[in-house]
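Visitor: need a structure here:
(2 chains)
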2 protein chains.
Amino acid sequence: MVLSIDTFQHKSSYYIQKNILNEVYKYCKSFHQIIVVSDDGVPFSYMETLIKNLKNASYYIFPHGEKNKSPKTVTKLLDFLLQKEMNRDDLIIALGGGVVLDLVGFVASIFKRGISYYAIPTTLLAQVDCCIGGKTAIDYQQIKNAIGSFYVPNKIFIDSNVLNTLTKRQFNNGLFEIIKMGLIYDASLFNLIAEKNIIQNIDSIIEKAIKDKIDIVKKDPFDRNIRQILNYGHTLGHALESYYHFKHLLHGEAIAYGMLLETKQKDIQQKLCRIYKKIHFRLHKEIDSKQVLNFIKNDKKISGKYIVLPIIKEIGKCELIKITLDDFINSLGGHHYE
Amino acid sequence: MVLSIDTFQHKSSYYIQKNILNEVYKYCKSFHQIIVVSDDGVPFSYMETLIKNLKNASYYIFPHGEKNKSPKTVTKLLDFLLQKEMNRDDLIIALGGGVVLDLVGFVASIFKRGISYYAIPTTLLAQVDCCIGGKTAIDYQQIKNAIGSFYVPNKIFIDSNVLNTLTKRQFNNGLFEIIKMGLIYDASLFNLIAEKNIIQNIDSIIEKAIKDKIDIVKKDPFDRNIRQILNYGHTLGHALESYYHFKHLLHGEAIAYGMLLETKQKDIQQKLCRIYKKIHFRLHKEIDSKQVLNFIKNDKKISGKYIVLPIIKEIGKCELIKITLDDFINSLGGHHYE
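Guide: The predicted structure follows:
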């Protein structure tokens, strides 16, 4: 299946198809030179599959982990691109999860003011979230996504076969963002996850989640209003990630806690807990809202002393409110989960 | 006079008016915090005029010169913004010439994925060229504008009074880009400069040049085709700037040489020379095309082994051709100027 959308930059096409990784080369024939960038957490067999039919391709692999989503990795990659004499009409391909896509997208956006860019997400989280909407970023001075840009990949290739090599925990990591999408925007998606076998239905789950996100992003390409509903669970989630130094919690897991603690309705909390149980995710950390306050203060969603917070009206419906940081922190105290 | 245009990012407004510097504060009232960035080449009195009526404003001044359009200055400015706890809804104002606008625009584009941004160009070159079209950039690894983005200022304030403190050489520096605009796109502008008193007509000259550039940029916001006619004289010009390490030649002066050497028609060459004489610009350097070849190779306009080169058909008309680098270099050999 191919979804094409017109963005503020150019037409962007999503190719959602099992084994599409084997066919990416067909879309690369007009480029003089190609650099594929990945990290060492991605199975090298994917890189081999990708480049075996590519002409004039080199690859660059950096060490995996959020701590490498850094200015240092950006500098090294830029130096590599210059050394290869890459120019605006050449192609850079990101092959990997969120860290790879965020960083490579950023480099693609600033190298000679932007070069051609394809994204091949290899995790569920990257397939349904990071690769849509053109947000790129690196961390800076210990602040998550402090530096970044909006830069939409020219083409995105989604191959659900690559999910086979993920651990259960990595798979769930992406599933939490899909659950969030169901909660804020798409009751049918939420119910599909709650009621059906997830693995058997993964292709339609991915397709629904991608269509939903494209739909929201179209309405607000620069994340100034409605798109902020995608931050549901993220105000607390990002703070938790910073607080645990990106070590003990995956992004999706942090959002899982964030969603539960930011949800006011008991019945929706229970439904969330039931899904968490179904996918064998155990809540086991206590949150001290005072301690995460300092991290929240550095969150980019803060507008003056107020923050913009998405709240759930009912499953599939969400609205944005302005709330003081103090009121938000205080509201967290009243929640307990099983 | 106010010109408003819709860009791919947002509405962008040009305020072209003597003494507008005194009134910028009126357009800043909705911002919680404002940082004004300038370099130490800009008369400090302009900064004082600007900030005396601004609430919650701080300023940041970096050393002037192309060598400071660097990753190091970017890092220091980012650190200052974080230290001030700036967020996406705050405002950054660039006050200065091309170096200030290029660098501050770049920082504004990547800080938290883009914050509100005003530009106040204080040189003729910046008023008619750098502030239009959203090109931002820094130099990297000795390559001019190797890193950058497209980021359009929300508002641009053009005050021709600030040109009074420019030296004759700095004034001419901007005039060369206006002459280029006349040559490639606007015969009436070219003739105005060739035939009338330039100082007496400076306001209408600036207005014409700005309108022309807006017109071209609108047709090609990401510099993929027609906009490349603005590079007339720049292929050789950029190479010269690099070759002289940005020391002995100003940007406009390099373009002045570039235009003359890239122009094939004898009569147009003569008209150019007459204008150069009128504004007391003396050509005095011999160009060795072999020596600049290596610098041209790193020019971002290179597409494979070919470059896209604007050529003049007649005054006010221009077209783009594809030419090999070797043919371009060889064609330079045949030119001599008085």
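
Visitor: got any ranges where the stretch 51-200 of chain A has weak pLDDT?
Guide: Applying pLDDT under 70 to the stretch 51-200 of chain A flags no residue at all.

Visitor: need the residues of it near chain B, please.
Guide: A:71, A:75, A:78-79, A:82, A:85, A:87-89, A:106, A:109-114, A:135-137, A:140-141, A:143, A:145-150 (Cβ under 8 Å from any Cβ of the partner chain). To be clear about C-beta, it is placed using only N, CA and C from the backbone, and glycine gets the same treatment.

Visitor: Which of those residues fall within helices?
Guide: Counting by DSSP state H, those place A:71, A:75, A:78-79, A:82, A:106, A:109-110 in helices.

Visitor: out of the residues you listed, what pair is the most spread apart?
Guide: A:Asp79 and A:Ser109 (17.1 Å; Cβ to Cβ).

Visitor: In contact with the residue minimising distance to the centre of chain A, which residues are there?
Guide: Chain A has A:Cys130 as the residue nearest its centroid, 2.9 Å off, counting by Cα atoms, centre = their mean. In this structure, A:Cys130 makes contact with A:97-98, A:101-102, A:121, judged by Cβ atoms under 8 Å, 6 or more residues apart in numbering or on different chains.

Visitor: Could you rerun that using 10 Å?
Guide: Residues near A:Cys130 by Cβ atoms under 10 Å, 6 or more residues apart in numbering or on different chains: A:94, A:96-102, A:105, A:119, A:121, A:123, A:136-137, A:174, A:177, A:251.

Visitor: hmm, back to that, could you tell me which of the residues of the stretch 51-200 of chain A next to chain B count as buried?
Guide: Among those, those buried by neighbour count (16 or more other Cβ atoms under 10 Å in any protein chain shown) are A:71, A:78, A:82, A:87-89, A:106, A:109-114, A:135-137, A:140, A:143, A:145-150.

Visitor: Tell me who's in contact with A:Leu309.
Guide: A:Leu309 touches A:228, A:231-232, A:234-236, A:262, A:301, A:319-323, A:325, A:327-328, A:331, counting by Cβ under 10 Å, 6+ apart.

Visitor: Okay, and which of the residues you listed map to strands?
Guide: Mapping the contacts of A:Leu309 onto strands (DSSP state E) picks out A:319-323.

Visitor: for the residues you listed, which one is nearest A:Leu240?
Guide: Taking the ones in strands among the contacts of A:Leu309 together and measuring to A:Leu240 by Cβ to Cβ, the closest member is A:Ile323, at 18.5 Å.

Visitor: Okay, and the beta partners of the closest one?
Guide: A:Ile307 (DSSP bridges).

Visitor: Measure how buried it is and give me the count.
Guide: 16 (other Cβ atoms under 10 Å in any protein chain shown).

Visitor: what do you get for A:Ile216?
Guide: Residue neighbour count, defined by other Cβ under 10 Å, stands at 18 for A:Ile216.

Visitor: So whichever strand or helix holds it, near chain B or not?
Guide: Using DSSP states H and E, A:Ile216 sits in helix A:202-219. No: figure legend: helix A:202-219 not in contact with chain B (Cβ under 10 Å from any Cβ of the partner chain); closest approach 13.5 Å.

Visitor: Packing partners of that helix?
Guide: Applying 3 or more Cβ pairs under 10 Å, 6 or more residues apart in numbering or on different chains; DSSP states H and E, we find helix A:202-219 packed against strand A:2-6, strand A:11-16, helix A:124-125, strand A:155-158, helix A:168-185, helix A:187-195.

Visitor: follow-up on the earlier one: would you show me how to pick out the buried ones of the contacts of A:Cys130 in PyMOL?
Guide: Those of the contacts of A:Cys130 that count as buried under 16+ other Cβ under 10 Å are selected in PyMOL with:
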select buried, chain A and resi 94+96+97+98+99+100+101+102+105+119+121+123+136+137+174+177+251
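
Visitor: Filter the contacts of A:Cys130 down to the ones in strands?
Guide: If you go by DSSP E, the contacts of A:Cys130 have A:94, A:96, A:119, A:121, A:136-137 in strands.

Visitor: which one of those sits closest to chain B?
Guide: Nearest to chain B out of these is A:Ala137 (Cβ to the nearest Cβ; 6.8 Å).

Visitor: Wait, that closest one touches A:Asp102, no?
Guide: Yes: contact criterion Cβ atoms under 10 Å: A:Ala137 and A:Asp102 qualify, at 4.9 Å.

Visitor: Count the neighbours of A:Tyr46 for me.
Guide: Using other Cβ under 10 Å: A:Tyr46 sits among 20 other residues.

Visitor: Figure out the helix or strand that it lives in.
Guide: helix A:44-51.

Visitor: so what secondary structure elements neighbour that helix?
Guide: Using 3+ Cβ pairs under 10 Å, 6+ apart: helix A:44-51 touches strand A:34-39, strand A:57-62, strand A:91-96.

Visitor: Pull the distance from it to the chain's centre.
Guide: When distances are taken as Cα atoms, centre = their mean, to the nearest Å, helix A:44-51 is centred 22 Å away from the chain's centroid.

Visitor: which residues are in contact with it?
Guide: Applying Cβ under 10 Å, 6+ apart, the external contacts of helix A:44-51 come out as A:19, A:21-22, A:24-25, A:28, A:34, A:36, A:38, A:43, A:57-59, A:61, A:93, A:95-96, A:120, A:122, A:157, A:159, A:161-162, A:165.

Visitor: and with 8 Å instead?
Guide: A:21-22, A:24-25, A:36, A:38, A:57, A:59, A:61, A:93, A:95, A:120, A:122, A:162.

Visitor: The residues you listed: which two are farthest apart?
Guide: Across the contacts of helix A:44-51, no pair lies farther apart than A:Asn22 and A:Ile61, at 20.5 Å, counting by Cβ to Cβ.

Visitor: Mind checking which of those two has more residues around it?
Guide: Neighbours were counted for A:Asn22 and for A:Ile61 using other Cβ under 10 Å; A:Ile61 has more, 17 against 14.

Visitor: Identify the bridge partners of that one.
Guide: Counting by DSSP bridges, A:Ile61 is bridged to A:Ser38.

Visitor: rewinding a little: how about TSV for the helices and strands packed on helix A:202-219, with distance to A:Ala256 added?
Guide: Listed next are those as TSV, based on distance: least, Cβ to Cβ, whole Å:
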stretch	distance to A:Ala256
strand A:2-6	28
strand A:11-16	25
helix A:124-125	12
strand A:155-158	23
helix A:168-185	5
helix A:187-195	13
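
Visitor: looking at those, which is buried most?
Guide: helix A:124-125 (a mean of 27; mean count of other Cβ atoms under 10 Å in any protein chain shown).

Visitor: what's it packed up against?
Guide: With contacts defined as 3 or more Cβ pairs under 8 Å, 6 or more residues apart in numbering or on different chains; DSSP states H and E, helix A:124-125 has these neighbours: helix A:168-185.

Visitor: what helices or strands is the helix it packs on leaning on?
Guide: helix A:124-125, helix A:187-195, helix A:202-219, helix A:251-262, helix A:266-278, strand A:306-314, strand A:317-324.

Visitor: May I have the residues that are in contact with A:Ile275?
Guide: By Cβ under 8 Å, 6+ apart, the contact set of A:Ile275 is A:179, A:193-194.

Visitor: Surely A:Gly316 and A:Phe190 touch.
Guide: Yes: using Cβ atoms under 8 Å, A:Gly316 is in contact with A:Phe190, at 6.5 Å.
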